[in-house]
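> Quick one: sequence plus predicted model below, questions after.
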Amino acid sequence: MTTATAVTPRPHGVQQRRLSVLLVLLGAVLIGVVLSITIGAKSVPPADAWHALTAPSGTENDIVIRSLRIPRTVLGVLAGLALGVAGALMQGHTRNPLADPGLLGVTQGAAFAMVASIILLGASSLLAYIWFGLAGALIASVGVFALGMVGGRGGPTPVTLALAGTAVSAFLYALTSAIVLLDEQAMDVFRFWQAGSIAGRGPDVVWQVLPFILAGLLLAMVNAPGLNALSLGEDVARSLGQNIALTRTIGVTAVTLLSGASVAACGSLAFVGLIVPHLARPLSGTDHRWLLPYSGLIGAALLLLADVIGRVVAPPGELEVGVVLALLGAPFFVVLVRRRKPVRL
């Protein structure tokens, strides 16, 4: 007579499964890249797209692919990676499943700086807006972090970060709304930026935001082990030798760089940072060393897919990617809020 025994998965098997999922997500991003390059107001056959990439000869398809679609696609991948990872970091540090990168005041900080630069300094080009937007995002995040530390020890807590971020965002939104009512040009820029888009951005925009996103991704992976310890509780993390203040500072800096760069370049892309970690968590578990790359890849694939949908649903024009993301994300957000057993972080 034999007795059934439970079989515990071997660590090697778990590692193999996680690597397999990672490869699948990489494949999804590559599919999104192909769709983004070939589909649009002017469809380009895959063979012509490959010719434009490898041996351009100056044809109309070559110009469309190399001048318009490739920069747009690369920026979509970078922004999706940045917002997905930033969302996972933000939810982990605040232990709030409904948190997103905008909780640090990044979005409203960038918006305020951009419209203020138009009125006060006469900024009139996209390249100028990006630098002011990035500076505004960084300053707003530093302000939120400083307010979160008031009266506390060992750095800001999840609660103080959330409260400070909400207060700063509301204050900056009020200032921005007051400014755009005084200047028509600022109103036009703000409305277009607020919708969120990756169209019309050239290679120069990609090169401007790339260093900040790469630095943010590096800090995020450095922060992953410490965030794993924090998820066990601050007392346990301290007993394991973690510096709580340093861990939170690195995490907030990573969120600021990632979300600040993407928001400054693409505008407000709602729901990516909120939704993506919830899609990644069932695949990766609670280990942030895997959750962060999963979130980044899902974010990139989701953003590219939303952009492609926006190109084909309203021909010959297109919907901005931020609008499509809102249409896709709003139902998910409602379901998430109404869940009887919300995710615990």
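Happy to help now that I have it.
> all contacts plus neighbour counts: C-alpha atoms, from now on.
Will do.
> which residues of the stretch 101-250 of the chain fall in helices?
Taking DSSP state H, counting those that start in this stretch as the test, the helices found in the stretch 101-250 of the chain are 106-121, 126-149, 158-180, 184-195, 203-230, 234-239, 244-266.
> Would you mind saying which of those helices lies nearest A314?
Closest to A314 of the helices of the stretch 101-250 of the chain is helix 184-195 (Cα to Cα; 16.2 Å).
> So for G299, which of the helices of the stretch 101-250 of the chain sits nearest?
Smallest distance to G299 across those (Cα to Cα): 12.2 Å, for helix 244-266.
> Next, count neighbours for the closest residue to A164 other than its chain neighbours.
Nearest residue to A164 in three dimensions, chain neighbours excluded: V144, at 5.3 Å (Cα to Cα, 6 or more residues apart in numbering). Neighbour count for V144, taken as other Cα atoms under 10 Å: 27.
> ditto for S57
11.
> And the one 5 residues further on, by the same measure?
Using other Cα under 10 Å, the number of residues around D62 comes to 21.
> out of everything not next to it in sequence, what's closest to it?
In space, D62 is closest to A52, 4.6 Å off (Cα to Cα, 6+ apart).
> any idea how far F171 is from the one you found?
Note on A52: its distance to F171, by Cα to Cα, to the nearest Å, is 48 Å.
> and the strand or helix carrying the residue nearest to D62, what does it pack onto?
Remark: A52 resides in helix 46-54, with elements defined by DSSP states H and E. Under the contact criterion of 3 or more Cα pairs under 8 Å, 6 or more residues apart in numbering; DSSP states H and E, helix 46-54 touches helix 11-38, helix 60-63.
> Minimum distance to G136: which of the ones you listed has it?
helix 11-38 (30.4 Å).
> picking that back up, now tabulate the helices and strands packed on helix 46-54 in TSV and tack on mean pLDDT and distance to V115.
Converted to TSV, those look like this (pLDDT from 0 to 100; distance: least, Cα to Cα, whole Å):
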stretch	mean pLDDT	distance to V115
helix 11-38	90	31
helix 60-63	81	33
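> Point out the one among those that comes closest to V106.
helix 11-38 (26.1 Å).
> and the closest one with helix 46-54, angle?
100 degrees (axes from the mean of the first three to the mean of the last three Cα atoms, to 10 degrees).
> Would you mind listing the buried residues in helix 11-38?
The neighbour-count check on helix 11-38 (16 or more other Cα atoms under 10 Å) flags 18, 22, 25-26, 28-30, 32-38 as buried.
> Averaged pLDDT, stretch 196-210. What do you get?
Mean pLDDT, stretch 196-210: 88.
> which non-adjacent residue is nearest L172?
Q108 (5.8 Å).
> how about the one you found, what does it touch?
By Cα atoms under 8 Å, 6 or more residues apart in numbering, Q108 lies in contact with G102, A137, S169, L172, Y173.
> can I get those in CSV with pLDDT and distance to Q242?
Rendered in CSV, the data for those read as follows (pLDDT from 0 to 100; distance: Cα to Cα, whole Å):
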residue, pLDDT, distance to Q242
G102, 80, 27
A137, 85, 28
S169, 89, 30
L172, 90, 34
Y173, 88, 36
